[in-house]
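Novice: mind folding the following:
(one chain, ligands or ions: 1)
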Amino acid sequence: MGVFESMAQYGYGEVHMARDERTQLRTIIAIHDTRLGPALGGCRFVSYVNEEAALTDALRLARGMTFKAALARLPHGGGKAVILLPDGEHDRTALLQRFGRFVDGLGGRYVTAEDAGTGLPDMEIIRTQTKHVVGLGTAHGGSGDPSPFTALGVRRGIEAYVELVLGKKSLAGLHVAVQGVGHVGYHLCKELHAAGARITLADVRDELAARAAAEVSAQVVPAAEVHRVPCDVFAPCALGGALNDRTVPQLQCKIVAGAANNQLASDDNGVALQARGILYAPDYAINAGGLINVAQEVAGYDAHASRERTLRIYDTLHAIGARSLKTGEPSHRVADAMVQEILGAAADNLQAQTSRSDHESRGHITSQMKPLSRDT
Ligand code: NAD
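Specialist: Got it, this is the predicted structure:
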């Protein structure tokens, strides 16, 4: 598929590419939408089988960022950068500096951050070339580790769904099965434990499961079984695709609400969840806490403001869940529809502003012209 055809498929207006002979930089920056503000999204630095795969990854991920930022009510659109990992030896610092200058040249239309294959030290290098970067260390006014904020948002989303589905205002005594206790899953277990929930957990890494279980008095089950534990809430916090043709029929919960990205293997799986009477928390709505926290850096980092905004994930999930229960529309489609409504309203606002400023500037020209015409 050609570049413009791919862009059209994902609803794009803007994709930037750069290459640099000296540093072997080959990068694609996809800016999906800027109606809500500058595009924000991580920079992936990985190996791709070919250039088309890199382009598709950038287009797909940036579009996902638009959705996540919109539902989190952030003043940002969605963007993503991919850097194709060079085959041979390369100077990583020089390459990232060159990338930083490229980002800078976009004048703030795209703000970069960490993603797969990049980390905090890389962001510090990029920062030497541009101010349009977030995800910096706390020593440089950055927001630090996003995982506790992601976990906080997931806990709030679970609370909203518990209220809607089980009619309970508290998680005390409820049973949550957590799949994956890495960065986010571990913090989520702590949040749930503090809220009085009973936890069953699993991780393919035994040492991580044992550590979390000891800290939150949880029961550990094998990773292959955690999704079919009878419980109130199943929280996928491992990899994408946890909700698929095999697992959805085996779930024994009322709610699915976790941090993992791309939980639904297909749209059909979301429909199947709804048909089984299980309310699903759309992943990009419930796991936005980390993005909310890192986005706070753009305006000057404030941990309190990040926390307050992350707590509001409750309202977002409550609105999605309530609309899904009322209309019978699967929740993942409700979330997508809400994003379109938010973006549509932003477009209307932009149009209104443009016509207002056109009108004002016409008025300005007219008022300037009148005295001139009198003088002549
Ligand atoms: P992580 O790699 O630290 O944790 C994932 C954990 O899942 C690991 O401990 C891994 O061993 C375990 N795991 C893998 N396969 C498993 C399986 N089949 N069964 C049980 N456990 C399994 O990653 P993370 O940062 O905690 O992120 C978890 C998920 O949340 C990812 O999908 C990520 O994209 C998403 N997410 C993370 C953040 C964040 O702030 N870190 C923000 C938004 C979304």
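
Novice: from here on, just use CA atoms for contacts and neighbour counts.
Specialist: OK.

Novice: interface residues of the stretch 101-250 of the chain facing the ligand?
Specialist: In this structure, the stretch 101-250 of the chain approaches the ligand at residues 146-147, 150, 179-185, 202-205, 223, 237-240, judged by CA under 6 Å from any ligand atom.

Novice: ok, and for the host helix or strand of residue 215, which residues are buried?
Specialist: Here residue 215, judged by DSSP states H and E, is contained in helix 206-216. By neighbour count on 16 or more other CA atoms under 10 Å, the buried set for helix 206-216 is 208-210, 212-213, 216.

Novice: quick check, nearest of the residues you listed to the ligand?
Specialist: Relative to the ligand, the closest of the buried residues of helix 206-216 is residue 208; by CA to the nearest ligand atom it sits at 6.4 Å.

Novice: was I right about residue 27 contacting residue 85?
Specialist: No - if you go by CA atoms under 8 Å, residue 27 and residue 85 don't touch, sitting 9.3 Å apart.

Novice: those two: which is more packed in?
Specialist: Higher neighbour count among residue 27 and residue 85: residue 27, with 25 against 18, using other CA atoms under 10 Å.

Novice: confidence score at that one?
Specialist: Confidence at residue 27, expressed as pLDDT, is 98.

Novice: against residue 104, how distant is the nearest residue to it once chain neighbours are set aside?
Specialist: Spatial nearest neighbour of residue 27, excluding adjacent residues (CA to CA, 6 or more residues apart in numbering): residue 83 at 4.4 Å. For residue 83, the distance to residue 104 (CA to CA, to the nearest Å) stands at 16 Å.

Novice: show me what counts as buried in the helix or strand containing residue 19.
Specialist: Following DSSP H and E, one finds residue 19 within strand 14-20. By neighbour count on 16+ other CA under 10 Å, the buried set for strand 14-20 is residue 15.

Novice: pull it out as CSV, backbone CA atoms only.
Specialist: The C-alpha coordinates for strand 14-20 follow below in CSV (Å, rounded to 0.1, in the frame of the first residue of the first chain):
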residue,chain,number,x,y,z
GLU,A,14,0.4,14.8,8.3
VAL,A,15,3.4,12.4,8.3
HIS,A,16,7.0,13.6,8.5
MET,A,17,10.0,11.6,7.5
ALA,A,18,13.7,12.3,7.9
ARG,A,19,17.0,10.5,7.1
ASP,A,20,20.5,11.5,8.0
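
Novice: what mean pLDDT does it have?
Specialist: 96.

Novice: and what about residue 354, helix, strand or coil?
Specialist: helix (DSSP: H, G, I helix; E, B strand; the rest coil).

Novice: tell me the helix or strand right after the strand holding residue 19.
Specialist: With DSSP H and E, the next secondary element past strand 14-20 is strand 25-31.

Novice: in the chain, where is pLDDT below threshold?
Specialist: Scanning the chain for pLDDT under 70 picks out 356-376.

Novice: any idea how it splits into domains?
Specialist: 3-133, 147-335 (automatic domain parsing).

Novice: kindly check the end-to-end length of the last one for me.
Specialist: Spelled out, that is domain 147-335. From its first residue to its last, domain 147-335 covers 23 Å (CA to CA).

Novice: chain center to that domain, what's the gap?
Specialist: 14 Å (CA atoms, centre = their mean, to the nearest Å).

Novice: adding distance to residue 350, write the domains of the chain out as JSON lines.
Specialist: Formatted as JSON lines, the domains of the chain follow (distance: least, CA to CA, whole Å):
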{"stretch": "domain 3-133", "distance to residue 350": "8"}
{"stretch": "domain 147-335", "distance to residue 350": "21"}
